[in-house]
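Peer 1: Sequence and predicted structure, then a few things I'm wondering about:
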Amino acid sequence: MPESTIKQPSADPTYPFRSESPVAREERKARFLGALKDILELDIYDRPLRMYLDTCARCNNCAEQCPVFKATGDVRDLPAWRSDLLRRVYRRYFTPSGRILGRLVGAKRLTAGDIDAMVEAFYRCTMCRRCGVHCPLAVDNALITRIGRVLLAEIGFVPKNITVSVAAQLGSGGNTSSIPKAAFLDTLDFLEEELADETGIQIPIPRDVEGAEYLFAAPVSDYIMEADTLLGIARVFHAAGASWTVGTEDFDAINYGLFYSDEKLEEILNRLLAEVKRLKCRTLVIGECGHATKAALLFHRVLGKPEYRDIRIESILQVTRRFLAEGRIAFTATEDRGPVTYHDPCNLGRGLGIYEEPRELLRAAGIGIVEMESNRGMSLCCGGGGGLVVAPDLEPWRMSVGGLKKAEQLRATGARVVVAPCANCKKQLRELVKHHKIEMEVAGLHDLVGRALKREEKA
């Protein structure tokens, strides 16, 4: 990226995000460096983090891949520049060359101003990992961003909307929306009634069934806003004759710890795994949610308690695809909603490699796909990744910057429906198509797949 196209930081009226810390300004530097030292001593981060911090060719290839930087040209959105905020500090305090040669090797003493810059920079990144796909040195800037957020959390810088949700989930209610158990059970009753009305048969949503093969957990927001997705999933389980249940103690698959805190990630994850053990299930199935699936699949063998590590974890996309391959479900023609395109959620795609399963299901259901210009490993982030979608004050930025390139890509397909099997993506995409006046419906994968199931398979 030519230097002339890179704009220096300036006031950005679309980015009103602020995070205040209760830690006194004079204490922040010592706490920050102490936290970084602790992280570098952890087995799961030591080698990869040191490698990424020791490596950068300054080629600016990441600039060409970042949809946020392509929208702004602002140096704060250049992945390599953002990573350098932490890289320079690491070199100064944790490498011999940095301690001796200082700025000659890109090292820099940490200042309070550097911490202020990190607060904004690390929360302008959607952590989509697109920048790493074609990095010649395979630098994972998203991991550096996440570690930066972990360090900031250690000195009290955490977005309020995230801390409130995490506190609610770890509280007595066990979910980010503080829905009482009685209200959750009422919701399940309502969904069963909807299924009976739509299909003409009784399709149960089992609760607390001990010994079921699958314990299903969805983001709690789905029970409030994505009923069609849950109805489709219940139809699939029923059609396949699967042994499944929903737990009623810890039923929320959301795990915002993934965005800023291993400690919170671990605590939330183990509560969900404990629910699987309580009901003596063998497999935990995560609903249509990218970050929740990634948090469970990637971290349960590292942060899960030893007694939980034999639990199998899958995405509902993988389970439904296997039911199809085993001949346990079949499809008839689905309703024609016009051209359909598919959005690859970053955490399901680049994070977990789940690309073909949803496409195979859509094709099997008779739904043709108009692919976006860049898809699968090079799919553009919706603009709400990394937890930014849950920050209401960032909506102007998400519409005009974070999701701008995605909106342009959606419009170019000419599709009438975009399928997105991720709760956060669906929220962001609905706001995007409304803001940019794109005539497009946003749907979950199982919204369409569930309706296309053969009726005799459900009887």
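Peer 2: Cool, got the structure.
Peer 1: Can you tell me how far the closest residue to I369 other than its chain neighbours is from A412?
Peer 2: Nearest non-adjacent residue to I369, counting by C-beta to C-beta, 6 or more residues apart in numbering: Y342, 5.3 Å away. All C-beta spots, glycine's among them, are computed from the backbone N, C-alpha and C. Noted for Y342: a distance of 14 Å to A412, by C-beta to C-beta, to the nearest Å.
Peer 1: neighbour-wise, which of the two wins?
Peer 2: Y342 (24 against 12; other C-beta atoms under 10 Å).
Peer 1: Surely the more buried one is in contact with E360?
Peer 2: No - in this structure, Y342 is not within contact of E360 by C-beta atoms under 8 Å, at 11.2 Å.
Peer 1: For the residue nearest to I369, list the residues it contacts.
Peer 2: P358, R359, L362, I369, E371, M372, N375, V418, V419, A420 (C-beta atoms under 8 Å, 6 or more residues apart in numbering).
Peer 1: Could I get the contacting residues of L33?
Peer 2: V89, Y93, L110.
Peer 1: Restricted to helices, list the residues you listed.
Peer 2: V89, Y93 (DSSP state H).
Peer 1: picking up where we left off before, with neighbour count and pLDDT added, can I get the contacts of Y342 in TSV?
Peer 2: What follows is the contacts of Y342, written out as TSV (neighbours: other C-beta atoms under 10 Å; pLDDT from 0 to 100):
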residue	neighbour count	pLDDT
P358	28	98
R359	19	98
L362	21	96
I369	17	96
E371	14	97
M372	21	97
N375	18	97
V418	27	98
V419	27	98
A420	26	98
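Peer 1: so which of those residues would you say is closest to E266?
Peer 2: Nearest to E266 out of these is A420 (C-beta to C-beta; 28.1 Å).
Peer 1: ok, T176 touching Y256?
Peer 2: Yes - between T176 and Y256 there is a contact at 7.3 Å, judged by C-beta under 8 Å.
Peer 1: quick one: common contacting residues for those two?
Peer 2: S165, V166, Q169.
Peer 1: what sits against the residue nearest to the first one when sequence neighbours are not counted?
Peer 2: This means S165. Once flanking residues are discounted, S165 sits nearest to T176: 4.1 Å by C-beta to C-beta, 6+ apart. Going by C-beta under 8 Å, 6+ apart, T176 touches S165, V166, A168, Q169, V220, S221, D252, I254, Y256.
Peer 1: quick revisit: from the contacts of Y342, which is closest to E26?
Peer 2: Closest to E26, out of all of the contacts of Y342 and judged by C-beta to C-beta, is A420, at 45.5 Å.
Peer 1: Distance of the closest one relative to F237?
Peer 2: Applying C-beta to C-beta to A420 and F237 gives a distance of 21 Å.
Peer 1: my guess is L394 meets G385, correct?
Peer 2: No - L394 is beyond contact range of G385, at 11.9 Å (criterion: C-beta under 8 Å).
Peer 1: who has more neighbours, these two?
Peer 2: G385 (29 against 24).
Peer 1: Not counting its neighbours along the chain, what's nearest that one?
Peer 2: T126 (3.6 Å).
Peer 1: G232 too?
Peer 2: G232 sits nearest to G450 (C-beta to C-beta, 6+ apart), 2.5 Å away.
Peer 1: Retrieve the pLDDT associated with the residue nearest in space to the middle of the chain.
Peer 2: With distances taken as C-alpha atoms, centre = their mean, H291 lies nearest the centre of the chain, 2.9 Å away. For H291, the pLDDT comes out at 97.
Peer 1: What does S177 show for phi and psi?
Peer 2: phi -100, psi 0 (degrees, to the nearest 10).
Peer 1: thought it was touching S221?
Peer 2: Yes - using C-beta under 8 Å, S177 is in contact with S221, at 6.8 Å.
Peer 1: Look at these two and report which has more neighbours.
Peer 2: S221 (20 against 17).
Peer 1: where does the stretch 351-459 of the chain have low pLDDT?
Peer 2: 456-459 (pLDDT under 70).
Peer 1: quick one: secondary structure of V442?
Peer 2: Secondary structure for V442, judged by DSSP: H, G, I helix; E, B strand; the rest coil, is strand.
Peer 1: Return the residues in contact with it.
Peer 2: V417, V418, A420, K426, L429, R430, V433.
Peer 1: Swap in 7 Å and give it another go.
Peer 2: If a contact means C-beta atoms under 7 Å, 6 or more residues apart in numbering, then V442 has V418, A420, K426, L429, R430, V433 as its contacts.
Peer 1: With V390 instead?
Peer 2: Contacts of V390 by C-beta under 7 Å, 6+ apart are N161, I162, S165.
Peer 1: Could you measure from it over to N175?
Peer 2: From V390 to N175 the distance is 14 Å (C-beta to C-beta).
Peer 1: what does R92 give?
Peer 2: Distance from R92 to N175, by C-beta to C-beta: 43 Å.
Peer 1: and if you look at G290?
Peer 2: G290 is 18 Å from N175, by C-beta to C-beta.
Peer 1: Give the helix, strand or coil label for the residue in the chain sticking out farthest from the centre.
Peer 2: Largest separation from the mean C-alpha position in the chain: I100, at 40.4 Å (C-alpha atoms, centre = their mean). On the three-state scheme (three-state DSSP), I100 is labelled helix.
Peer 1: Give me the pLDDT for it.
Peer 2: pLDDT, I100: 90.
Peer 1: do E3 as well
Peer 2: Reading off the model, E3 has pLDDT 54.
Peer 1: I'm done for today, thanks for sticking with me.
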